[in-house]
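**Q** Take this sequence and fold it.
(one chain, ligands or ions: 1)
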Amino acid sequence: MNAAMTEPAAGDVRTALERSIAVLRATFRARFEAATAEPALREEKARILGKKGELTAILKQMPALEAGARRAAGELVNTLKNEVEAVFEERLRALDRGERDAELSAPAFDITLPGREPAPLGHAHPISIVRDEIVDILVSLGFAVHDGPEVETEENNFTKLGFPPDHPATDMQDSFWTTDGLLLRTHTSNIQVRAMSTHPPPMAYIAPGAVYRRDDDATHSPMFHQIECFLVDEHVSVAHLKGVLGTFAERFFGAGTPIRLRPSYFPFVEPGAEVDVGCPFCRRADGSRAGCSVCKRSGWIEILGCGMIHPVVFESCGIDPEKWSGFAFGMGVERVAIVRYGIPDIRLLFENDPRFLAQF
Ligand code: PHE
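**A** Model prediction:
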């Protein structure tokens with residue numbers, strides 16, 4: 001067999017190669033121009049320079065050339081390859097520029113268009129929900145909201161309310177003190193002092209707000225909320241206090257909710273009491289209660305402290321205790337929220353876990 005008969009002659013290869021190179025050189029610009037988007041442009045480049053590309057095919061035939069012709073063809077192919085790459089890069093930049101120009105000259109993006117997904121709607125925090133409901137009920141009974149600071153003097157928080165100097169609540173352990181002798185109020189009863197020291201009676205106020213104590217466990221948070229409620233007038237009696245408390249309990253926990261007053265001690269009231277409401281969780285249709293885990297089987301849940309304003313408080317605020325009398329109560333907002341919703345741990349109210357908050 002004669003090899004020369006099957007292998008093409010070196011001279012034929014050379015002319016064929018030269019022709020291929022010439023064709024490619026004459027056409028590649030137009031092919032890149034025809035690509036109007038980046039993916040098409042890259043495909044075109046792969047068709048020329050890729051592993052199975054046309055220029056690569058040309059390179060593969062080079063070994064068949066004679067040394068002299070190979071060098072010459074090599075130079076041609078290299079120049080062409082550089083040209084192809086340069087033209088490709090330039091076309092790529094031109095396409096980019098075109099896209100940006102199109103974006104810039106397009107009508108402006110309308111940021112006022114509604115989103116495609118409706119934004120999830122939030123709602124008030126359970127503490128705010130409960131606070132607002134309590135405030136609404138008491139405002140409807142005629143009480144006005146009185147605001148006051150959370151950073152308070154010892155005098156307004158303790159002394160004028162008749163706390164003896166050695167009372168355990170005044171102990172540094174229970175309060176947060178500032179370096180200049182003020183403290184974070186431990187209750188909203190400071191508002192009684194502030195209101196009575198600045199306005200003459202009669203008055204009927206509520207004071208919702210944050211209070212602070214050095215306590216932290218499943219049923220106590222170092223920051224929590226109270227609503228103070230107090231009324232000063234002539235001839236105010238325990239009957240008025242019970243009337244307001246009973247009305248509040250029925251409106252907030254439902255008609256027929258009973259209350260009970262248990263004697264208790266607060267330095268700024270006399271007599272003083274703690275108030276329980278009939279457990280709303282185990283109440284039967286006839287009003288009796290079976291006892292459950294929320295009320296610890298007692299049928300009653302404690303929600304607030306109350307009493308008749310102590311003459312000492314009137315005196316320290318410049319009000320004549322012979323002429324004026326009044327009642328006051330202070331309710332824990334978290335406490336009431338826990339009772340209403342059956343929340344097992346007060347800390348859930350402050351963790352802001354959306355899985356918890358979404359349930360309200
Ligand atoms: N200030 C009391 C407390 O924080 C509650 C209270 C208010 C009691 C008004 C009696 C009258 O525990």
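
**Q** average pLDDT for the lengthiest helix in the chain?
**A** As assigned by DSSP state H, the longest helix anywhere in the chain is helix 67-105. Averaged over helix 67-105, pLDDT sits at 91.

**Q** Kindly report the same for stretch 243-258.
**A** In the prediction, stretch 243-258 has an average pLDDT of 94.

**Q** rewinding a little: show me what the longest helix of the chain is packed up against.
**A** Contacts defined by 3 or more CB pairs under 8 Å, 6 or more residues apart in numbering; DSSP states H and E place helix 67-105 against helix 10-34, helix 38-49, helix 54-61. Where C-beta positions appear, they are placed from N, C-alpha and C, glycine not excepted.

**Q** so residue 207 makes contact with residue 185?
**A** No: the criterion here is CB atoms under 8 Å, and residue 207 misses it with residue 185 at 10.3 Å.

**Q** hang on, the earlier thing: following the longest helix of the chain, which helix or strand shows up next?
**A** As assigned by DSSP states H and E, the chain's next helix or strand after helix 67-105 is helix 126-140.

**Q** Just give me how far that next one sits from the chain centre.
**A** In terms of CA atoms, centre = their mean, to the nearest Å, the gap separating the centre of helix 126-140 from the centre of its chain is 22 Å.

**Q** one step back: between helix 10-34 and the longest helix of the chain, find me the angle.
**A** 10 degrees (axes from the mean of the first three to the mean of the last three CA atoms, to 10 degrees).

**Q** and helix 67-105 with helix 38-49, angle?
**A** 180 degrees.

**Q** Can you give me the buried ones in helix 67-105?
**A** 69-70, 73, 76-77, 80-81, 84, 87-88, 91-92, 95 (16 or more other CB atoms under 10 Å).

**Q** same thing with stretch 14-34?
**A** 14, 17, 20-21, 24, 28, 31-32.

**Q** Repeat that for stretch 249-262.
**A** 249-253, 257-259, 261.

**Q** Just name the closest of those residues to the ligand, please.
**A** residue 261 (11.4 Å; CB to the nearest ligand atom).

**Q** Give the partner strands of whichever strand or helix holds the closest one in its sheet and their orientations.
**A** Using DSSP H and E, the element containing residue 261 is strand 259-264. Within its sheet, strand 259-264 is paired with strand 269-278 (antiparallel), according to DSSP bridges.

**Q** With just CA atoms, put the partner strand into CSV.
**A** Taking Å, rounded to 0.1, in the frame of the first residue of the first chain, the C-alpha atoms of strand 269-278 are listed here in CSV:
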residue,chain,number,x,y,z
VAL,A,269,-53.0,52.3,101.5
GLU,A,270,-55.1,51.5,104.5
PRO,A,271,-56.9,49.2,104.4
GLY,A,272,-55.0,47.4,101.7
ALA,A,273,-55.9,44.3,99.7
GLU,A,274,-54.9,42.0,96.9
VAL,A,275,-57.6,41.3,94.3
ASP,A,276,-58.3,37.9,92.8
VAL,A,277,-60.6,37.3,89.8
GLY,A,278,-62.6,34.1,89.4
